[in-house]
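*Asks:* When you get a sec, could you give me coordinates for this:
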Amino acid sequence: MAQNKVQFQPGRSMIDFFAAYGRPEQCEKAVRASRWPLGFVCPRCSGAEHSEFRRSGRLYFQCGACRYQCSLVAGTIFDSSKLALPTWFLAMHLMTQAKNNVAALELKRHLGVSYPTAWLMKHKIMEVMRRREDSRQLTGRVEIDDAYLGGEHHGGKPGRGSPNKVPMVAAVQTTPTGAPVLVCFSQRPFTKASIEEFAAKSLAAPATLVSDGLGCFTVVQGTGILHERHITGGGAASAKSPDFQAVNIVLGNLKTAFSGTYHAFGFAKYSHRYLAQVQYLINRRCNLQTILPRLIYASCATTACPMWLTRAAEHSF
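*Replies:* Model (predicted):
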C-alpha cells in the first residue's frame, strides 16, 4: 500500500525545534518579527521612535513620543506569564506535531512545570487556535453529520442524557470526488435554529450540504445552500456509506484522538477549545513545517486571555 503523503510528510523534529527556538533571544526575535515586522510601533500612539531596556531579564520598549512602556509580550497570549518564551514555544511545538493531541499531564512532564500551569498553557494555546478558526467557512461540496462527545461520569446518568455528553456537528469540505479539504466542528444542539446559525456562520455559497436527512439540516434550503439528502438508516452500514466517507473518517479520527489522549476533561464546558484544536491542526495538516511559525504569529496577534476568561465556558445550553 502506498504511503499517505500527508501522514508521512517530514515534520519539525525536536532537533530542528531547539536549533530554531531553543534560546530566549531566538524566541524574542520571532515574537518581535510577528508583532512588528516593520519595526516597533507604540500600542498607545503608534509612534516608531523608541528605546529598549531589560527588567528582570525581560525585554521592554519605551516610546520616544509618549513615553509609554510595554514589554515584548504585552497584549499577547504570553502576557503576564512568568514562563520563559522557549517553554511556551516548546508547548506549542508539542501540541502541533503530535498526531493524537497532548494532554496537560503530558505537557507538565515535558515542560517541567506544575499541572495547573500546564493546563493553563494548553488552554491558552487552544484559545488562540479557536479564535483563529472562528471565522472558518466551507464551500463547495460539504458533508455534515451529527455526533455526541463525552460520556457518563462514574455513577452518573448514562446515554444521551449524561451531563458530560455534548452534541456537536462535523462538517467537511471535500473535492468533487469526496477527498477531505477543510473541516469545521461546532458544539451545538440539533435544532433547526442552531443549524441555521451554523450555516450562516460556517457555510458560504455556492455550497451543497450533503446530509443523512436529519430534520434539522433541512433548514439550509432557501438560504442559497443546496441540500442533498441521503437516507442511510442506522447501524454500521450507514457509517460505510460512500456519500459520507470523509466526515465519517474525520469523526472516527477525532473520537480516537480524544479517547487515546484524555482520560477525562469537562466536555460540557471546554469542548469548544478541544474541537478547535483538532480543527486547527486538520486544516493545516498539509505543511507541518510551517504550522509552528504560523501559531507563533497567531499567538502574538491574539489579545491576552486572563485566567477568568480561560476558565469560562463558551456555551450554557
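
*Asks:* For Ser135, give its distance to Pro180.
*Replies:* Ser135 sits 20 Å away from Pro180 when distances are taken as CB to CB, to the nearest Å. Glycine gets a C-beta too; all of them are placed from N, C-alpha and C.

*Asks:* the more surrounded of the two?
*Replies:* Set Ser135 next to Pro180 and count neighbours by other CB atoms under 10 Å: Pro180 wins out with 18 against 8.

*Asks:* I'd say that one and Thr174 touch.
*Replies:* Yes: using CB atoms under 8 Å, Pro180 is in contact with Thr174, at 5.6 Å.

*Asks:* any weak-confidence spans in the stretch 51-200 of the chain?
*Replies:* Under the criterion pLDDT under 70, the flagged ranges of the stretch 51-200 of the chain are 150-164.

*Asks:* In it, what residue spans correspond to helices?
*Replies:* Using DSSP state H, counting those that start in this stretch, the helices of the stretch 51-200 of the chain run over 85-97, 104-111, 115-133, 192-202.

*Asks:* Who are the packing partners of the first one?
*Replies:* Same thing as helix 85-97. Judged by 3 or more CB pairs under 8 Å, 6 or more residues apart in numbering; DSSP states H and E, helix 85-97 is in contact with helix 14-21, helix 24-35, helix 104-111, helix 115-133, helix 291-301.

*Asks:* What pLDDT does the model give Cys216?
*Replies:* We have a pLDDT of 93 for Cys216.

*Asks:* which SS class is it?
*Replies:* helix (DSSP: H, G, I helix; E, B strand; the rest coil).

*Asks:* Going forward, the N-terminal residue is numbered 27.
*Replies:* Sure, I'll start counting at 27 from here, so that last one is Cys242.

*Asks:* What sits closest to it if chain neighbours are left out?
*Replies:* Leaving aside its sequence neighbours, Cys242 sits nearest to Ile221 (CB to CB, 6 or more residues apart in numbering; 4.6 Å).

*Asks:* Now for that neighbour: which residues touch it?
*Replies:* Each residue near Ile221 by CB atoms under 8 Å, 6 or more residues apart in numbering is listed here: 195, 214, 242-243, 245-246.

*Asks:* Roughly how far does Phe115 sit from Pro142?
*Replies:* Distance, Phe115 to Pro142, using CB to CB: 20 Å.

*Asks:* Please say which of these two ends up with more neighbours.
*Replies:* A side-by-side neighbour count of Phe115 and Pro142, using other CB under 10 Å, places Phe115 first with 25 against 11.

*Asks:* Tell me, how many residues neighbour the residue lying closest to Phe43 once chain neighbours are set aside?
*Replies:* Spatially, and ignoring its direct neighbours in sequence, Phe43 is nearest to His119 (5.0 Å; CB to CB, 6+ apart). Using other CB under 10 Å, His119 has 25 other residues around it.

*Asks:* same thing with Lys148?
*Replies:* Residues near Lys148, counting by other CB under 10 Å: 26.

*Asks:* Could I get the contacting residues of it?
*Replies:* Taking CB under 8 Å, 6+ apart, we find Lys148 in contact with 117, 121, 128, 130, 133.

*Asks:* Same check on Glu254?
*Replies:* Counting by CB under 8 Å, 6+ apart, Glu254 makes contact with 234-237.

*Asks:* try Gln247
*Replies:* By CB under 8 Å, 6+ apart, the residues touching Gln247 are His253.

*Asks:* Apart from its neighbours in sequence, what residue is nearest Ser237?
*Replies:* Using CB to CB, 6+ apart and skipping the chain neighbours, the partner closest in space to Ser237 is Phe243 (4.1 Å).
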